[in-house]
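Student: just a sequence and a predicted model for now, questions to come.
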Amino acid sequence: MTLKYLVAGTLGAAMLSSTAFGAAHEAQGRDGNVNIIFWQAASTMNPYLSGGTKDINAASMALEPLAHYDENGAMVATLVDEIPTVANGGVSEDLTSITWTLSEGITWSDGTPLTSADVVFTANYCMDETGGCQQLAKFGGVTSVEAIDDLTVKITFDGPKPFPYGPFVGSTTPILQAAQFANCMGTAAPTCTDQNFGPIGTGPFTVTEFRANDAISLAANPNYRVAGKPAFATVNFKGGGDAAAAGRSALETGEFDYAWNLQLAPEVLADMESAGIGTVLTSYGPLVERLMINMTNPSADLGDERSTVAHPHPFMSDMAVRQALSMAIDRPLLVEIGYGKAGKVTCNVLPSPAIYNSPNNAGCEVQDIAGANALLDAAGWEMGSDGVRAKDGVRLSILYQTSTNAVRQDFQALIKQWWAEIGIETELKNISGGVFFGGDQSSPDTFQKLFADLEMYANNFDGTDPEAYMRNWSCAEIPSPENAWLGGNMPRHCNADYDALVAEMGGTADINERARLAIAMNDMLMQSYTIIPLVHRGNVSGIANTLEGVKLNAWDAELWNIADWSRAE
Amino acid sequence: MLNFTLRRLVFTVPTLLLISFIIFLILDLAPNDPTGNLPLTIPPEVRANIRASLGLDDPMYWRYILWCQQFFVNEPLNLLNQWFGWCVGDCENRLRVTSWATRSPVVDLIAERMPQTLWVVGMSYVVGILIALPIGVISAYKQYSWFDQAGTFVAMIGFSVPTFFTGVLLIVIFSVWMPNDSVFWLPSIYDTTHKVTDWGSFVFQMRQMVMPVMVLALYNAAQISRFMRASMLDNLSQDYVRTARAKGLKEKTVLLVHVLRNSMIPVVTVIALGIPQVFGGAIITEQIFKVNGLGQLLIIGIEGADIPLVQTLTFLFAVLIVMFNLVADVLYGLLDPRIRYD
Amino acid sequence: MTDATVEIEDDRKYRSLWGDVWSQFRTHRGAMIGSFVFIGILLAVSVGPFLWTLDPNYADVRNRNQGMSWGHPFGTDQLGHDMLAQVLQGGRISIAVGLTAMALSLVLGTFIGVLAGYFKRLDGILMRGTDLFLALPILPLLLVIIMLFRDTLRNMFGPETGIFILIVFIIGITSWMQTARIVRGDVLALKEREFILAANSIGTPSKRVISRHIMPNILSPIMVSATLGIATAIITESSLSFLGLGFPSDFPTWGRLLFDGTQRIAQAPSRVIWPGLAISLTVLSVNFIGDGLRDALDPRIRGR
């Protein structure tokens, strides 16, 4: 009853304001209901407790960070008036602190004002070690978050932070209401079911019903800070099923307006699109499907020293072999078969944002079987009678592992065939994703252990700054029994020059200089063929033709601008 | 009979405890991990932190005892509190069995999903039995007639064509090819938030149930009708049937009273054994039509290595299996007086 | 006794039990057609790959997603694999898995069912064990089995045979419970019948009672379980491989061909028709063979 009253009230207010501001401002909720389908259902509305893309997207409708990334990766102010920089004095000269000033007059959906205390609370909520906060990495290096006054927050780091936009930028770290979550700190975090399922936010919508792993119903936030927005009165956020079914419901049957992550065979997607009800949009972030070469010996005979730096790989340590593997791959064909509009050929492991994209590795687009064969011949790998090359009794026989996924299995089949043409024998293995990416200590099949000669998966980084991502391939990041196989350096790449570049980037603030360093690191990895990039993958979503204002965003939650969506006439 | 039932009931307690422990052991041994489905951008140290916050660092036996305490003590107390308002001990902060993925009580999740699973899977089971029994009886009575051959054919198709195929086929026909304004158009996505309040919403509910129910009913009917037919055939050639006919009983009486009753004995087992599966949900069909019932909850839990959720669900499932096996045994004794358990 | 029989039948040809069974089996039209179809399928998948020599794993990428043609009678898939070669090759694995897994689960199920039904002492413990297996969460169990045994078996038998043994074992031990329950129920009822009482009262040992008197009378539910079992095994294998637990992706099986095809059901119906038809025909023919066998083995029908 109260909600209805409030909605009606705002409707009235919006009507009044529309006369004042002209036709651009129409009533909130004028376009009725919008149906969104995510084939992975959201399990909570609190992104600090679940870092899954589905959960972050669901939460982004109700909760907002201080600033978003827009569809081009540029920061846009959301709850503040301007992005702090060194130039405007928001970031200190020595790069050790950043000061955010909230816009005036912003209220939570329950009508109470947003203050700097909420921001401070959110930081403490996540940085509580016992809570298991999944966005903790975003707060890396933060020593204190303090409220200067009601609208000003100062975040201090333990050293110079060239890129201080980790906390509260992007939908992964939105602001929680201190009043609502006060009793949910630390170990109590999981017991706050009502709060986690129905957080009070500043975003365009509020939760009316939350069915975990199933469906979420939301209604327009009557206290939303922009008059006349959102255009939709309610949102039905449905989860479950698979990508094909989601695509069908948005592109063929018209039951849904927005279908997320349509990772489907290109011809299937094209056929769905030809029904004429909806279109497919793509946006490119830094996600790259790549082969990770194991530079160490994965032989089971080595026992505990399997896949550790103690034993170099018997043939992968020969650069000619790695280069030949890369040359034999027809990347444009892989893109055409596996991703279509949702992928591009890339010769870099860091293809995006554009400023970091190295121009020095072009040429991998062309498959060169003859060249690869010549290279192997020159390196002394002689073709055996069984069609497999060998040298000094070492046969080029590869175990190639990846996670279970239709496109990845297609890639495996094609790549196996190309490698057969250059005299390399391949055995394929696919492992259920939950096991492969799970990192369970007892399982031999995790991607960190890499008990295979090479593996394929896709990875990217959050936001727009690649520093942490590039640090993955420094010597210290090599997974091994000593560090419980934690670490992101799957190829076990170790190079002092590379580590020096990593250190240099950690102290450099100038964006162009940072780009130069990132490109140098990328080139080092590419030209040693330790990582073989295959496809630069995009996000693909299906949007009904009647839905307007959608700007697909690879740098933030896809639903980041749902307040601007509206129904076409 | 009563004696037997009581003895069996007492015996179920240690059985179930043992089952719950073995399930826990398997879940614990399984190599998938609760952080396995999180984005790779979350660094390993944070993952280790998450695992610690879930209690994964505690030894296995300790976690099992904790689960037992939460499930056998705290949850029943909580139910008492919810249903009757009785409060025993600390009602506010009692630790309930909590899912790792959603951070909410598992029992609430199950209660939330029960309606759609019972509606869809339960209905399909009933429809399947209603189709299967007459088909099985007639097929056997008129063995090798065209009806029998057709029945066999349909049953085998129903059984050999997996539901992931029939489901998608129905969706393509009735949701995609059929124009949206046609009477025969059916929704491909089940709306779990839909509430039946009047005739119109009831019709909508029926429409969204038609496809999943039919897909599952075909599969169930195929199986049950084969067992029914085989059992009828066995009995039709028995001496007592000849005797009954010789006595001059009406064919209807012979068939429906004498033969059917005896043929039902093995079929009852099959049917009773299938009922727990109704509660287990139908993973594939639920997935295809986005019914999001108990089957989908279980599969999400397994994929995400959500041990408390999977443990609780499978344990409840085990309780049902043990109970319905007991029911089947009791029915056996009632249907066939020759079977003596004591 | 024997002499007397021979004298009475001396104007007829000598007839053995199995001869009788065979002649009865031959009169069952469905069973004969079923046998021919099944033998045909067996021949096709065993000899077929030698006649249709296209490599099922050769990806002729230029000719992908083709319809039916002389070069590719069943068309090609999204990578340009020849579908006919894939169906033939896939049939080998699917039928082998289906038959062995079915046999394993049947033997296990019948064995446990008969023991539980016949020996009262064993009933409780065996049936509670059955309950346990019914209640086990299959997927985590599979993950555990695979983790523990995949590499060992791969090293002992090579990647193909190793995973074959693993899959047959998995399907076998997770699908015998229903058979066991049904067999036990039948045995419970049979045990009280006069002819068993008679056999017991003349001191026939239990082993003999079971093999001579019980087993022939529980054949029909076993036959039904067998037919259903083959289909289940073929389908289960497909879901296994989709969970990353089955054969490596370059081993086509009928179940997986069907699953892959389902995604493209609107674009290329032939992708689902051929493997679907193969599975259905196999199941159907095995079912009719089972029907015929049951009739042929039933002395009451055979006499008619």
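Tutor: Cool, the structure landed. Residues are numbered from 1 along each chain as shown, chains lettered A, B, ... in the order given.
Student: which regions of the chain lie under the pLDDT threshold?
Tutor: I went with chain A, as the question did not name one. For chain A, the stretches with pLDDT under 70 are A:1-25, A:190.
Student: switch to chain C, that's the one I care about
Tutor: Ranges of chain C meeting pLDDT under 70: C:1-15, C:241-244, C:299-304.
Student: closest residue of it to chain B?
Tutor: Chain B sits closest to C:A135 of chain C, with a gap of 3.4 Å, by Cβ to the nearest Cβ. The way it works is simple: take the backbone N, C-alpha and C, and place the C-beta from them, glycine included.
Student: okay, now the closest residue to that residue other than its chain neighbours: neighbour count?
Tutor: Once flanking residues are discounted, C:A135 sits nearest to B:A318: 3.4 Å by Cβ to Cβ, 6 or more residues apart in numbering or on different chains. Look at B:A318: counted by other Cβ atoms under 10 Å in any protein chain shown, it has 24 neighbours.
Student: enumerate the residues of the stretch 1-150 of chain B near chain C.
Tutor: Residues of the stretch 1-150 of chain B lying near chain C by Cβ under 8 Å from any Cβ of the partner chain: B:11, B:15, B:18-19, B:22-23, B:26-27, B:29-32, B:144, B:149.
Student: those residues in strands, which ones?
Tutor: Judged by DSSP state E, strands contain none of the residues of the stretch 1-150 of chain B next to chain C.
Student: any of those residues buried? List them.
Tutor: Those of those that meet the buried threshold are B:T15, B:I19, B:I22, B:I23, B:I26, B:L27, B:L29, B:A30, B:P31, B:N32, by 16 or more other Cβ atoms under 10 Å in any protein chain shown.
Student: within range of chain A, give me the residues from the stretch 151-300 of chain B.
Tutor: B:168, B:171, B:175-176, B:180, B:187-189, B:191-193, B:286-292, B:296-297, B:300.
Student: near chain C, from those residues?
Tutor: The overlap between these and the neighbours of chain C (Cβ under 8 Å from any Cβ) comes to B:V168, B:V176.
Student: quick one: which of the residues of the stretch 151-300 of chain B next to chain A sit in strands?
Tutor: Among these, no member lies in strands (by DSSP E).
Student: drop anything exposed from the residues of the stretch 151-300 of chain B next to chain A.
Tutor: When these are checked for burial by 16+ other Cβ under 10 Å, the buried set is B:168, B:171, B:175-176, B:187-189, B:191-192, B:286-292, B:296-297, B:300.
Student: in the stretch 151-300 of chain B, which spans are helices?
Tutor: In the stretch 151-300 of chain B, the helices defined using DSSP state H, counting those that start in this stretch lie at B:163-171, B:199-236, B:239-246, B:251-253, B:260-280, B:283-289, B:294-303.
Student: got the angle for the second one vs helix B:163-171?
Tutor: Using axes from the mean of the first three to the mean of the last three Cα atoms, to 10 degrees, the interaxial angle of helix B:199-236 with respect to helix B:163-171 works out to 130 degrees.
Student: who are the packing partners of helix B:199-236?
Tutor: Secondary-structure packing of helix B:199-236 (3 or more Cβ pairs under 8 Å, 6 or more residues apart in numbering or on different chains; DSSP states H and E): helix B:123-141, helix B:146-160, helix B:163-171, helix B:260-280, helix B:283-289, helix C:219-242.
Student: mind listing what's buried in it?
Tutor: B:208-209, B:211-236.
Student: for the third one, same thing?
Tutor: Neighbour-count burial for helix B:239-246 flags B:V241, B:A244 (criterion: 16+ other Cβ under 10 Å).
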